[in-house]
Structure formats: structure tokens, C-alpha cells
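# Sequence and predicted structure below; questions after.
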Amino acid sequence: MDDLEKAIIISFDELGTVDSVLKSQAVTFIQQIKETPSISSICIEKLCFCKLVQVQFWCLQTLHDVIRVKYSSMSLEEKGLIRKSLFSMVSFEFIDDNNAVRILESPAFIRNKLAQVLVTLIYFEYPLIWSSVFVDFLPHLSKGAIVIDMFCRVLNALDDELISLDYPRTQEEIAVAARVKDAMRQQCVAQIVRGWYDILSVYRNSEPELCGSVLDSMRRFISWIDIGLIWNDAFIPLFFELILTDGLSEQLRGAATGCVLAVISKRMDPQAKLSLLQSLHISQVFGLISEDMDSELVSRVAGLLIGYAGEVLECLKRLHSEEAEGVSMDLLDEVLPSIFNAILNLEVDTTFIFVQFLSGYVGTMKNFSPLREKQLLHVNQMLEVIRAQICYDPVYRNNLNMLDKVGVEEEDRMVEFRKDLFVLLRNVGRIAPEVTQTFIRNSLDRAVAFSLDRDVEEVEAALSLLYALGESMSDQAMRTGAGLLSELVLKLLSTRFSCHSNRLVALVYLETVTRYMKFVQENTQCIPMVLAAFLDERGVHHTNIHVSRRASYLFTRVVKLLKAKLVPFTETILQVSLQDPVSRFTSIEYTSKELPGSEDGSHIFEAIGLLIGMEDVPREKQSEYLSSLLTPLCQQVEALLMNAKVPNTEEYDMEIAKIQQIIMAINALSKGFSERLVTASRPAIGLMFKQTLDILLQILLVFPKIEPLRNKVTSFIHRMVDTLGASVFPYLPKALGQLLAESEPKELVGFLVLLNQLICKFNTLVRDILEEVFPSIAGRIFSIIPRDSFPSGPGTNTEEIRELQELQKTFYTFLHVITTHDLSLVFLSPKSRIYLDPMMQLLLYTSCNHKDILVRKSCVQIFVRLIKDWSARPYGVEKVPGFQSFIIETFATNCCLYSVLDKSFEFGDANTLILFGEIVVAQKVMYEKFGNDFLVHLVSKGFPSAHCPQDLAEQYCEKLQGCDIKALKQFYQSLIQNLRVQQNGSLVFR
């Protein structure tokens, strides 16, 4: 080994056995060699005499790079050397030297790389420079399998590197590919095709792997060569003979199948295509589908049949004569049973193309109404295939039932896999509703008869078909139970499946019942069966917590749909069916089971609230029902508060979890009661909720720093604001005081959101409350958020910073809500005045500089409202001494002029234009309220500092004093853009 060979060997080390410094030196050395002018001859010499595969690969890769990058700058001698040497290697010509290496005897990856290098040269030289490359190659095929194999690799590389459109190509590559194909068609394709036939004839029995490679090359070329070279009495019978001969290898038979599919798929005139399809006598291969053989060949044959049927279908769409339609339908009738048989009975990976084809078939069948007997038979077979394909694999039964990691992954995979199949089912249901519904009825009948353990997946599939069918039905059909639907729904409701304990079966059963609730709305005799399904061991009493919680959620939807129709059943529902689920919800065992998603089990209380919160329920019964639920829950809270454990113990954590569950339950329960009912028509109900609120507020005293509890109590206060209306006021000072006392930035956000809700609902009625809490809020916020911008750069995107940014943003919303609800006098109360200046400075800075344009817009709108509220124009004493001068001298200049002059203010951005509109409105309002005081200051002080020409300043005054706000906005935008041009970035305003 010389130094280059050693360096290449070292550079290829992947096991870490070579010192990293030495490897780096080796890489540097071979890179230097690669840059030498004689690199081509060095590589060729190594390829002729070195047997090391690492060296061979490096040399071929280097030649590939050199040709690809430097071809145009090569000398004629160098190009000739590369051309001659490469051809000698691929054609197995011998060098008269005992030490010479025959590279065709190297491993397959070396031969593939050699083919790639030759194709790269062909890219530049064929046909203009090296026109005889393929013609010269063909005589060497007589040397036997080793050269034939290499020829196939060259053809395949030509397809991969240049011709195939399966890979993205540049326009230049597409043009070169067209040039190469045109030249080959004229010069050598016919000879290559004859060569293929001769090779297959000679080697089919002795070299099946080689013949498979030849067929693979043929398959690639069929799409662009003259179809007459293949579609003839020589090749087509040969292909089928190879496919049907039992003694041949699977690989060879599969390759021949691929060639027939390529012939079928070739683009041509539809009438010619239909003749071709007829002439194939595809029924020859039907027998292979039913044979017990390795699935690889069967998969290829199934793919061939689906491809064939797809082409027939395309002819049917494009040819409109009765004769063509008849031929096409006969061919489809002939091939479809074998396709269905393949998909149903064999492990073949053709589901995707099968569904694509059937979707097209169903789409075409819409034009043939009514369907013929054979078509109806195909529909039935189609449905059978869909049913079989949507079945879960029994191997995953336990994983899916326990819903472990494997079960979750399998369920997610099947949900995605089923989507197209369910779309197909719905389309089939539209063209053949009676057949589809009959099939689903029969599937349900079989599911009822299935045993407990063996056929869980079959039952789940039958129910899933019924569920999916509902998506294709109109509301009217659903309500009336059109066709067999009435029978199907009644069968569903009256059936108890033996495998109902299985999670998947129980879930799809409940989802399907919910899907057909519109039918139940019109057929109230079904209500008892619906209630039984949700309230017995199939639903909320199911042993699987995933099912029982989902049942609670779905039952809530059922209650919302049926509403007053459930009033007669309320007593039974509450006293018989729901006692256990209700008590279980707050049990220690239940609270410890954390499940993903929003189904926490509290929906059962929402359902109860909806049931008993209707005015149709008698007054006494309503109070009795609510009291029977609230009283024990509140008693549990009081007991837990009285016996609070030592913090940071397991018992303490369980107490907190239990209290959370109780609050969630009461919160959900209250959703069923309207404000009108609890405050006007039945105030006794309102009193119960007030007493409950009083008890839950004690949680904040006993557990003042437990964030989850604070959040739950805050959520309940939100609910009570909506439910109790103004009657909640007496409880607010205590509640707000306790929430504010120990709040962190994150909790302050929730507190401000609660205040926003109060302001939006009650407007000026909350003024006294706001005056009481605003000083504390402002003091807390101004002590923790910066007066200008947050720090930026590495290490500043911390959770603490993000929480403060969220708090700041919510604070701006809070100020905006206050000002837009006529409550700005809150800022002027004696306790709040000390925060007026920092608030104004913060709003000013934000309106000019904040990164979020919409936040800046809100701050400008706040200023506009304050100007309107606090202005004393035309005559009078200023409400806020110094406010007018601050607005005119500071806000108007900095926000309305300097901030928009900054190049970062992008007029091309939609949100920025909205902000600009608010700034223009602010100027108009300032002029209306402050008159010439504002205008004179801006024109005499602000505009000169921005070097505004006098004529533009005068035009501005004219526009501002006019009545057209749109014209003012357009003029001011052009003014700012003109001033930017004059400044040319020389001044930065701030």
C-alpha cells in the first residue's frame, strides 16, 4: 500500500480504532491529492491495480465529482482517458498485466458506483461526443452474466440519475434526459430490446437473478420506448409464461409481473389502451391469488390486477361509446372478484392503491343508476373488504384495552389508517344505501352472536361501520330513520354485546349511540334504552376508567340534546343510576388516576346540572336535588379544611387533590343553572350557590399558596359571576382580597382576567370594588415589571421572564377594559393617584416601542379614551392637572410623530396600518379636545425637529381641521414617508 491507499483506508474508519488526529491528517492528505491536476489518471490507475474496495470506492466517487464539476475545463486527452478507461471496466476488457484488477468482480456497491460514474459521463457526451456508447456495449453482452449484470446497472443508473421523474429535476436535467431518450430511440433501443429478449430466453432457467435484473431494467424503460417493441407476440406471452411457471424464482416471476404492469400503465390513446387490456387475457393470473404461496409475488400480482382495473376504469371515463362502456364493464366484472379475494385473504400491502382505485370506481358508479346486479355484488364485496381492513389486530388486544404505550401507538395508527376507508364507506353508502345498510345490519347480527373473547375486533369493526355510516346521512334521514336505519338504531340500543367489557367495544358503542341521537329525539320511546346504555355497566359504571369518563362526557351531550324530554326520568337517573359515579368522583382512588385530555370525569356533574337546572323541574324537587348534591360536597370540604394535614406529606397531597375534585364537581354542576333562574324565578337555588361560594372561599385562607386550588377557586368565582349576577357582589371583596394577598405573577394574570369579566358584565357597578383593589394591583405590578423593555439576548427566555411578559400584556388589557367601560376615574381615586405617573410613563413607552403592534394599538386607544374622559374643553378646570401638557408635549410628539418616523414602523404590515389608524384618530381627538394648543405645539416644535417643510405642515393643519378622517390618514402616511426620505436615516427619534 502506498501513502494514498493508507490515507483512504484510515479516512474510512468508522469504528473509532484510528487516532482522531491521524484520521484528520489522512483526510487532509487525500483532499490535497484530490485537488491535483492529474487526479483522473491517479484514480484510473488505482482502479486498474488496487483490490481494496475502500480505495476503489474513493476513486470512483472522486471521478464522479471531477466529471460533474470540472468536465467543461478538462482537456480532450483527459476526457478521452476517462472515456476509454470506464468503458474498458464496464465491458470487462482485459489489461495485459497479471496484476490487473477486474472491477466487475468487486462487490455490488462498487459496480453501482461505476455505473453512476459512466452515466455522469453520458450526461455530458451522449450523443454529440460519444454517440456509440450503447451500440459498442451490446456486443460485449456475449461475455456472459457479469457484463449483462453491469449493463443492467448502467441502464438503472441512467434511469435513477437522469430519466426518472420520481426525483426532482432541474430544467437543464429534463432537457438532457429528453436529448438522451430521443437519441436512444433512434439509435439503439430496438437493439437493446432484442438483447433483453435473447438474454431472457437463454438465462431464464440458469440465471434467474440475472433475468430479474433485466426485467427490472425493462420495467423502467417501457414508459418511454415504443410500446410496439414490447406489446407483441414475443414479449407478452413470455412475461405471462414467466409469471405462471411454478418452478421459477419468486423474484423473477415478480419482476415479470412488474413489466406487465408497466405495459398496462403506459400512456396512450384510450381506445388503443382498451384494446391492449382486452388482448392481455389477464384472467391467466387469477389463479395465483388463491395459491398458498409467499406473499411477495401475490402482492405484485394483486398490484398488477389493481393497476389493470384502474386503467380499465380510466378508459371507461374517457370513452363514451356504448361498445367501449360494455367492454370496460365486462373487464371490470371479470377482474374485481380476484382483487377482492386478494385483499380479503392475503397479506398484501396494496391497501392504499386499492382504496384509491375503489374510490374512483365508486365515483364512476354514480353515473350508472340504478346499479346492475353484478355492480351490487361488487359493492357488497367492497363493504366486506372495508370491514376486514378496519379490524384491529388481536395481537394488540390487551395493549389497547389497558391503553399502554404500545396500545396508544396502535390506536393512533389505526385512526389514521381508517380515515380513507371510512370516506369510501360513506361514498358507497350514498350510491347503494340499501346494500350498505343491509351489510351493516348483517355485520351487527354476526357481532351479537360472537363469543366473549374471540371476536372483540369483529364486534368493534361492526359498530365502527355503523358509526361511520351516520356521517353520510342527512339530518332528515337521521330523524326519520330512513331505510333500515330505524331497525339498525333499535338493534344497537337493545343489544348487549358479550364483549362489552372491552375498552374499544364500549367506547365505539357509546359514540355510535351518541351519533344517532337525532333519531332518538324524534322517537322518545327509545330514551329509556339510551339512558340504560349510558348509566349501567356499559357507560358510567364501566370498570375501565377511560370508558366511564368518556361516558360521562357523552352523556352530557345527550342531556343537552334531549333536555326537557329527560325531566320524567330525572328521579331515576339521580337516585338509582348516578349515585355511585358521583360519590366515586371525589374518592381518593379516583383522584389519583391522572388521564390525558380534558375528560376528567366532572362531566357527570355537568350532566346532572343540566338535568336539574331546567325550569321544567318542579321547584321543590329542584331544591331537593341540588341540596342532596351540594350539601355532602360542601361538608367534605369543611371537614378537610378543619382537619388539614401537615404540608408536604402524602396525606396532605391527597387532601388537596380531593378538594380540587370537589370544586371541579360543583363548578360543572353550576353550568346547568341560568342567572335568571337562580336570581329571579328561584332565588332559593341562588342562596345555595352563595353558601357554597362562602365555603369554598375559605380554601384560600387554609391553603393560601397552593396554586392548583387558587386556580380552581378562581374558576368557580368566574362561574358564580355568570350564575349569580349582581348578587355575587357581597362576596367579591373577600374573594378578591384573598386572591390578591398571596398571588404570584402567574396568578395575578388570572386575577386580572377575573376583574375583566366583572367589568365587562357589570360596567360601572364595580367602580367601588375597583377603587379598592386597583392600588394594590398597581403597586404589585409596578414593583415587578420593568418600566421599559424586558431584557433580551441569551439566557433571558426564562419561564420567569415569560410569566412577567404575560402579566404585562394582561395588565394592558385590564387598563383597556377599565377605560372603555367608563371607569377611568378609578385611576384618580386618592389611593390610586400615586400610580398615575408610572402608569402614564409605562403606557407611553409601550405605545411607542412595544414589539407587539396590537399591544401598542391598545395603549394608544387607552390614551384616546383618557383624553376624552379627562379633557376640560372648551372651558373649565382640568380634572387632572398636567395631563393636557403631558399629552400635547410628550405623547403627541413621541408616539404620534417620532415613533412612526422610525424605519421599524412598517406600513406594509396590516397590523401596523391598524395602529397607524389609531394614532391618526388620537391626533383628531387631541385637536377636538385641546384645539390650537395641540396643533401649535406639534407644528412649531414637533414638525421642525423632524425637518418638516412649511408647506406640508400647513397641509397637515388643513387636513386635521377637516372632517375626512380617511383623507387625514392618507395624507399623514405620505407626510411621514416624505420625512423619512428627507432624513434618509440620519436621525433616530426617541
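Everything's here; your move. Residues are numbered from 1 along each chain as shown.

# which parts of stretch 107-125 are buried?
For stretch 107-125, a neighbour-count test (16 or more other Cβ atoms under 10 Å) marks 110-125 as buried. All C-beta spots, glycine's among them, are computed from the backbone N, C-alpha and C.

# what about that stretch, average pLDDT?
Average pLDDT, stretch 107-125: 96.

# Please export the alpha-carbon coordinates of that stretch; CSV is fine.
Extracted in CSV, the C-alpha atoms of stretch 107-125 (Å, rounded to 0.1, in the frame of the first residue of the first chain):
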residue,chain,number,x,y,z
PRO,A,107,-18.9,-6.0,-4.6
ALA,A,108,-22.3,-4.7,-5.9
PHE,A,109,-21.9,-1.3,-4.3
ILE,A,110,-18.7,-0.7,-6.3
ARG,A,111,-20.4,-1.8,-9.6
ASN,A,112,-23.3,0.6,-8.8
LYS,A,113,-20.8,3.4,-8.2
LEU,A,114,-19.1,2.6,-11.5
ALA,A,115,-22.4,2.7,-13.3
GLN,A,116,-23.1,6.1,-11.8
VAL,A,117,-19.8,7.5,-13.0
LEU,A,118,-20.4,6.2,-16.5
VAL,A,119,-23.9,7.8,-16.6
THR,A,120,-22.4,11.1,-15.4
LEU,A,121,-20.1,11.0,-18.5
ILE,A,122,-23.1,10.0,-20.7
TYR,A,123,-24.9,13.1,-19.4
PHE,A,124,-22.2,15.3,-20.9
GLU,A,125,-21.2,13.3,-24.0
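
# Check what contacts it and list those residues.
53, 56-57, 60-61, 63-64, 67-68, 71, 79, 82-83, 86-87, 89-90, 103-104, 130, 133, 149-150, 153-154, 156-158, 161-162, 176, 180 (Cβ atoms under 8 Å, 6 or more residues apart in numbering).

# Which members of those residues are positioned in helices?
Of these, the ones assigned to helices by DSSP state H are 53, 56-57, 60-61, 63-64, 67-68, 79, 82-83, 86-87, 89-90, 133, 149-150, 153-154, 156-158, 176, 180.

# middle-most residue in this structure, spatially?
Closest to where the C-alpha atoms of the chain average out (Cα atoms, centre = their mean) is E416, at 11.5 Å.

# Please parse the protein into its domains.
Each domain of the chain is listed here as a residue range: 1-105, 347-473, 628-742, per the TED database.

# For those domains, give me JSON lines that also has distance to R267.
Formatted as JSON lines, those follow (distance: least, Cβ to Cβ, whole Å):
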{"stretch": "domain 1-105", "distance to R267": "32"}
{"stretch": "domain 347-473", "distance to R267": "17"}
{"stretch": "domain 628-742", "distance to R267": "62"}
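
# wait, which of those domains is closest to G144?
Smallest distance to G144 across the domains of the chain (Cβ to Cβ): 8.7 Å, for domain 1-105.

# the longest helix in this protein is where?
Max-length helix for the chain by DSSP H is helix 405-431.

# Make a ChimeraX selection of the buried ones in the ones in helices among the contacts of stretch 107-125.
Buried residues within the ones in helices among the contacts of stretch 107-125, by 16+ other Cβ under 10 Å, are selected in ChimeraX with:
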select :56,57,60,63,64,67,79,82,83,86,87,89,90,133,149,150,153,154,156,157,158,176,180
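
# how much space between the residue nearest to E772 when sequence neighbours are not counted and L754?
The spatial neighbour of E772 that comes closest, neighbours along the chain excluded (Cβ to Cβ, 6 or more residues apart in numbering), is P733 at 6.8 Å. Applying Cβ to Cβ, to the nearest Å, the value for P733 to L754 is 13 Å.

# show me where the stretch 751-900 of the chain has helices.
For the stretch 751-900 of the chain, the helices defined by DSSP state H, counting those that start in this stretch occupy 767-784, 799-820, 836-849, 853-870, 883-886, 892-893, 899-901.

# got the contact list for the longest one?
It refers to helix 799-820. 744-746, 748-749, 752-753, 755-756, 759-760, 770, 777, 781, 784-785, 790-791, 824, 826-827, 839, 843, 846, 852, 855, 858-859, 861-862, 865-866, 869.

# Show me which parts of that helix are buried, residue by residue.
Quick answer for helix 799-820 (16+ other Cβ under 10 Å): 803-805, 807-812, 814-820.

# State the number of residues packed around S832.
As a burial measure, S832 scores 19 neighbours (other Cβ atoms under 10 Å).

# quick one: contacts for F368?
Per Cβ under 8 Å, 6+ apart, neighbours of F368: Q375.

# cool, C188 as well?
Per Cβ under 8 Å, 6+ apart, neighbours of C188: F134, V135, L138.

# Please repeat the previous calculation with a cut-off of 6 Å.
Shown in contact with C188 (Cβ atoms under 6 Å, 6 or more residues apart in numbering): F134, V135.

# Check what pLDDT it gets.
Reported pLDDT for C188: 96.

# Renumber starting at 2 from here on
That works, and once the first residue is 2, the last one we named lands at C189.

# Could you list the buried residues of stretch 276-296?
L277, L278, L281, I283, V286, F287, L289, I290.

# Leaving out the residues flanking it, which one is nearest to the fourth one?
On the basis of Cβ to Cβ, 6+ apart, the spatially nearest residue to I283 that is not a chain neighbour turns out to be Y309, at 5.4 Å.

# quick one: the helix or strand that contains that neighbour to chain centroid distance?
Using DSSP states H and E, the element containing Y309 is helix 296-319. With Cα atoms, centre = their mean, to the nearest Å as the basis, helix 296-319 stands 32 Å off its chain's centre.

# now stretch 8-25
Chain-centre distance of stretch 8-25: 44 Å, with Cα atoms, centre = their mean.

# which residues does W871 contact?
K880, V881, F884.

# Show the low-confidence segments of the stretch 652-801 of the chain, by residue range.
Low-confidence segments of the stretch 652-801 of the chain (pLDDT under 70): none present.

# what do you get for the stretch 52-201 of the chain?
Scanning the stretch 52-201 of the chain for pLDDT under 70 picks out 95-101.

# Run through who's touching the helix or strand where N381 lies.
Using DSSP H and E, N381 sits within helix 374-390. If you take Cβ under 6 Å, 6+ apart as the criterion, helix 374-390 is touched by D334, L337, F341, I344, L345, L359, L422, L426, A433, V436, F440, A462.

# related to what we said a few turns ago, of the domains of the chain, give the one that comes closest to G259.
Across these, closest to G259 is domain 348-474 (Cβ to Cβ), at 13.6 Å.
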